[in-house]
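Q: Build me a model:
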Amino acid sequence: MDQVVVVTGAAQGLGAVMANRFHGAGARVVLWDVQSTVKEVAESFDPQHQRTLAAVVDVTDEESVRHHMREAARHFGEVHVLVCNAKWNNRVPLADMAKEDWDKTLAVSLTGAFLCIKHGLPLMVAQGGGSIINMSSVHVRGAYPGFPAYDAAKGGIEALTRQVALDYGPFGVRCNAVAPGLVVADSHPDREALRARFVPFHPLGTLASPDDVAEAVMFLASAAARFVTGQCLVVDGGLTCQSPEVPGYGQS
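A: As a prediction, the model looks like this:
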């Protein structure tokens, strides 16, 4: 994969896994995160920094995003793929949520994607195209108790994805989203408890790993998805394809 890939929120979790997978496929990878440990993540799979560039970037700070997007292009020549993965959420019922919590969730999870796309698009348009992948969530397909700001942000992500696909498709830029369900890494301390509780709700009989989601993202970034844009690929093992059981429903 001879591409330059920018991954936000890359200091841990899914972002770190995606960066690692892209690097393993031969891409040159730019890792961004507000946490300085993002540099250690890059060093863990590319000690000599031959095909990685790590930077501390606050995606809510437009000047920081603008500077580091230009630096990525200067360092590697182009930017072919942008993965908007940075997010923030907290579980608070709407009536109890402080405005500061609402603002931060939307700033990181939605406005951050807007700013990264805004400053990545000119580079992609100038080089004749590119691929943008936004991270959505199954929260868009069904609300989960106590996540009003996060659910609203992810709904906005999918609307933004369609708009970018429409407006910039003529310039060769594709924009898609991936909506993961419950993702549990093998190293998660509560993995077995989570499996016992949630596997019965998944028709495929298992939970997603970060690699499952990374594979979907890599597909959308690749030439194999050259005619796919404006779409959201749900990676949830069938979690959202079933209706909830309603007591008494179907009984005579």
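
Q: Show me the strands in the protein, by range?
A: Secondary structure of the chain by DSSP state E: the strands cover 4-7, 28-33, 52-56, 81-84, 130-135, 173-180, 232-235.

Q: got TSV for these, with mean neighbour count, distance to Phe219 and mean pLDDT too?
A: In this view, the C-beta of every residue, glycine as well, is placed from N, C-alpha and C. Output for the strands of the chain, formatted as TSV (neighbours: other CB atoms under 10 Å; distance: least, CB to CB, whole Å; pLDDT from 0 to 100):
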stretch	mean neighbour count	distance to Phe219	mean pLDDT
strand 4-7	28	13	98
strand 28-33	28	17	98
strand 52-56	21	22	98
strand 81-84	29	12	98
strand 130-135	26	10	98
strand 173-180	25	9	97
strand 232-235	19	8	97
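
Q: so can I have CSV of those strands showing distance to Asp190?
A: Below are the strands of the chain laid out as CSV (distance: least, CB to CB, whole Å):
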stretch, distance to Asp190
strand 4-7, 26
strand 28-33, 24
strand 52-56, 29
strand 81-84, 27
strand 130-135, 22
strand 173-180, 18
strand 232-235, 21
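
Q: for this structure, what helix or strand is lowest in average pLDDT?
A: When the helices and strands of the chain are scored by mean pLDDT, DSSP states H and E, helix 191-198 comes last with a mean of 86.

Q: Could you pull out the buried residues of that one?
A: For helix 191-198, a neighbour-count test (16 or more other CB atoms under 10 Å) marks Arg195, Phe198 as buried.

Q: neighbouring contacts of it?
A: Here helix 191-198 makes contact (CB atoms under 8 Å, 6 or more residues apart in numbering) with Leu182, Val184, Ala185, His188, Thr206, Leu207.

Q: so what's Trp102 up against?
A: Trp102 touches Pro148, Ala149, counting by CB under 8 Å, 6+ apart.

Q: On the pLDDT front, check it for me.
A: Trp102 is assigned 96 on the pLDDT scale.

Q: For it, give its distance to Leu207.
A: Trp102 is 30 Å from Leu207, where distance means CB to CB, to the nearest Å.

Q: do the same with Gly13
A: Separation of Gly13 from Leu207 (CB to CB) stands at 15 Å.

Q: how about the residue nearest to His139 when sequence neighbours are not counted, what does it touch?
A: Excluding the flanking residues, the one nearest His139 by CB to CB, 6 or more residues apart in numbering is Asp151, at 4.6 Å. By CB under 8 Å, 6+ apart, Asp151 lies in contact with Ser137, His139, Val140, Ala143, Tyr144.
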